[in-house]
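Colleague: give me the fold of what follows.
(chains A and B)
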Amino acid sequence: MSDKLEQRLLALGTALEVPAAPDAVPAVLARLPARPRRHRRPTGRVLAIAIAAMLLLVGAAMAVPPSRDAILRAIGLRGVSIKHVPKLPPVPAGSSQAARRGLGERITLAKARRAASFTAVLPVRATAAYLAHDVPGGRISALVGPVLITEFRGTAQPFIFKLLDPGTRETPTRVDGKQGIYLSGAPHEVLFQAKNGEVRSDRVRLAGNVLIWQQGPLIVRIEGTHTLGQALTLARSLH
Amino acid sequence: MSNAVAGRVESEEERLVTKAKAGDQHAYGELLARHQAVAFRAAYLIAGSAAEAEDATQEACVKAWLALDRFRAGAPFRPWLVQIAMNEARNRRRAAGRRAGLVLRLNPEIAESGAVPSAESVALAGEERAQLAAAVAHLREDDQLIIAARYFLGLSEAETAIALKLRRGTVKSRLSRALGRLQAQLEARQ
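Modeller: Okay, here's the model as predicted:
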């Protein structure tokens, strides 16, 4: 019985519908940190130092105004960095709420999960969803009333930069065991890295309280909750 | 594959592993290029979607890199990567609230025409394939996994042991029992 059954199983294996495997190597290599080695300082510290050094090297090429000369600080979340400044620049008047937020093209909630190059995690009661292509792999945003959830693939190169003035508090936290940070108090400025590598100062955008963390390959941020507890509750409900 | 050729392949792979363990990302990329397809196939059979399988494979490749210090020199890399990819896919399936078990969809062109240029596929007509896939899908998950490892992923017994974290002797006995239960399923369906 066994030989014949084994032949039939081998034949079944050749008849299964399995999509062609996409080439994961470039994306994986872009995400690899320096590999941790035993008897060394902790990984996070090594990674932070490596990213900070890289940022200092490429800093000259970035379109960050020279007055913002505080050192950009990696916070251990791939694609995110923080910079402290004495004072934020003024915010010009914007147009619509979505335009001010730079969310991209409106898409249906049904499409949101698969619209980018990754599988997005979404809130149960999303009211609107948007897709932008300003970062490799795309960026998905979802609104739950006034609360904004944004997701993109974490990359070795920071994509989001935060400018914090002295009134913004940083609270390290964890979301389901994953490293995260909660920025609260005074609003902070958000900088995005454009596809051409330039870091744009998005003057029209000041962010309120933000929880940001790494979930698998994704960086997820929740903006607009009143407390860290509310943000964590929403974070855990994403699926 | 002759022993001499197999030896050269193994030694080339060992060389890549050694370089990757020393932090050489290019060597690691070469290793992944050799084995990412089977890792993706394993993840797809578990996760059931190309997007989830792609994410799981990528995550597995990054986790494997971070865990290379624990990888034993001389061990085969392929089943180790498959093991991590399977775990990632299972975690994603669990997080999404989907039920356990493999997703076995038949390629409609092959299922209908039977026109597949391989000796194995000739042995199995389209309708029979569907019945066999349904019977496998009704087995408990550990039976499905060991059958998938051996026949759908093409892993050897030794590789299956690594991929499923079993002793090699256990693979043989567990596979035998899984095939027995599959045979019983098929007979019950006739």
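Colleague: what is the host helix or strand of residue B:26 packed up against?
Modeller: Using DSSP states H and E, residue B:26 maps to helix B:25-47. On a contact count with 3 or more CB pairs under 8 Å, 6 or more residues apart in numbering or on different chains; DSSP states H and E, helix B:25-47 meets helix A:25-31, helix B:3-21, helix B:50-66, helix B:77-95. The C-beta positions use only the backbone N, C-alpha and C, and glycine is treated the same way.
Colleague: please state the offset of the last one from the chain centre?
Modeller: It stands for helix B:77-95. Centroid displacement of helix B:77-95 relative to its chain, using CA atoms, centre = their mean, to the nearest Å, is 9 Å.
Colleague: could you say what helices and strands it packs with?
Modeller: Under the contact definition 3+ CB pairs under 8 Å, 6+ apart, helix B:77-95 sits against helix B:25-47, helix B:50-66, helix B:157-163.
Colleague: only alpha carbons, please: show the last one as PDB.
Modeller: Yep, that's helix B:157-163 we're talking about. The C-alpha coordinates for helix B:157-163 follow below in PDB (Å, rounded to 0.1, in the frame of the first residue of the first chain):
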ATOM      1  CA  GLU B 157      13.800  12.000   6.200                       C
ATOM      2  CA  ALA B 158      16.800  13.700   7.800                       C
ATOM      3  CA  GLU B 159      15.700  17.100   6.600                       C
ATOM      4  CA  THR B 160      12.100  16.400   7.700                       C
ATOM      5  CA  ALA B 161      13.500  15.600  11.200                       C
ATOM      6  CA  ILE B 162      15.100  19.100  11.300                       C
ATOM      7  CA  ALA B 163      12.200  20.900   9.800                       C
END
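Colleague: for whichever helix or strand comes after it, packing partners?
Modeller: Per DSSP H and E, helix B:157-163 leads on to helix B:168-189 as the next helix or strand towards the C-terminus. Helix B:168-189 makes packing contacts with helix A:2-15, helix B:126-137, helix B:141-147, helix B:157-163 when contacts are defined by 3+ CB pairs under 8 Å, 6+ apart.
Colleague: return the set of buried residues in the longest one.
Modeller: When you say that, I think you mean helix A:2-15. Neighbour-count burial for helix A:2-15, counted by 16 or more other CB atoms under 10 Å in any protein chain shown, picks out A:5, A:6, A:8, A:9, A:10, A:11, A:12, A:13, A:14, A:15.
Colleague: Throw the residues you listed into a markdown table and include pLDDT, thanks.
Modeller: A markdown table is the format used below for these (pLDDT from 0 to 100):
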| residue | pLDDT |
| --- | --- |
| A:5 | 92 |
| A:6 | 91 |
| A:8 | 90 |
| A:9 | 92 |
| A:10 | 90 |
| A:11 | 87 |
| A:12 | 90 |
| A:13 | 90 |
| A:14 | 86 |
| A:15 | 86 |
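Colleague: what subset of these is also close to chain B?
Modeller: A:5, A:6, A:8, A:9, A:10, A:11, A:12, A:13, A:14, A:15 (CB under 8 Å from any CB of the partner chain).
Colleague: ok, those residues vs residue A:235, which is closest?
Modeller: Of all these, residue A:235 sits closest to residue A:13, with 40.0 Å by CB to CB.
Colleague: so who does that closest one touch?
Modeller: Residue A:13 sits next to B:120, B:151, B:152, B:153, B:154 when contact means CB atoms under 8 Å, 6 or more residues apart in numbering or on different chains.
Colleague: tell me the confidence at the second one?
Modeller: Residue-level confidence at residue B:151 comes out at 94, pLDDT.
Colleague: what's the answer for the first one, then?
Modeller: Among the per-residue scores, residue B:120 shows a pLDDT of 47.
Colleague: do the one 4 residues further on as well
Modeller: Residue B:124 carries a pLDDT score of 54 in this model.
Colleague: which among the helices and strands packed on helix B:77-95 is found nearest to residue A:23?
Modeller: When the helices and strands packed on helix B:77-95 are compared by CB to CB, helix B:25-47 sits nearest residue A:23, at 7.4 Å.
Colleague: for that closest one, output the C-alpha coordinates as PDB.
Modeller: Provided in PDB are the C-alpha atoms of helix B:25-47 (Å, rounded to 0.1, in the frame of the first residue of the first chain):
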ATOM      1  CA  GLN B  25      25.500  39.400   4.100                       C
ATOM      2  CA  HIS B  26      26.400  38.600   0.500                       C
ATOM      3  CA  ALA B  27      27.100  35.000   1.400                       C
ATOM      4  CA  TYR B  28      23.800  34.900   3.300                       C
ATOM      5  CA  GLY B  29      22.000  36.200   0.200                       C
ATOM      6  CA  GLU B  30      23.500  33.300  -1.800                       C
ATOM      7  CA  LEU B  31      22.300  30.900   0.800                       C
ATOM      8  CA  LEU B  32      18.800  32.400   0.700                       C
ATOM      9  CA  ALA B  33      18.700  32.400  -3.100                       C
ATOM     10  CA  ARG B  34      19.200  28.600  -3.000                       C
ATOM     11  CA  HIS B  35      16.500  27.800  -0.400                       C
ATOM     12  CA  GLN B  36      13.900  30.600  -0.300                       C
ATOM     13  CA  ALA B  37      11.600  28.800  -2.800                       C
ATOM     14  CA  VAL B  38      11.100  25.800  -0.600                       C
ATOM     15  CA  ALA B  39      10.700  28.100   2.500                       C
ATOM     16  CA  PHE B  40       8.000  30.100   0.600                       C
ATOM     17  CA  ARG B  41       6.200  26.900  -0.500                       C
ATOM     18  CA  ALA B  42       6.100  25.600   3.100                       C
ATOM     19  CA  ALA B  43       4.800  29.000   4.300                       C
ATOM     20  CA  TYR B  44       2.200  29.100   1.600                       C
ATOM     21  CA  LEU B  45       0.800  25.600   2.300                       C
ATOM     22  CA  ILE B  46       0.300  26.700   6.000                       C
ATOM     23  CA  ALA B  47      -0.700  30.400   5.600                       C
END
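Colleague: thanks again, I'm all set now.
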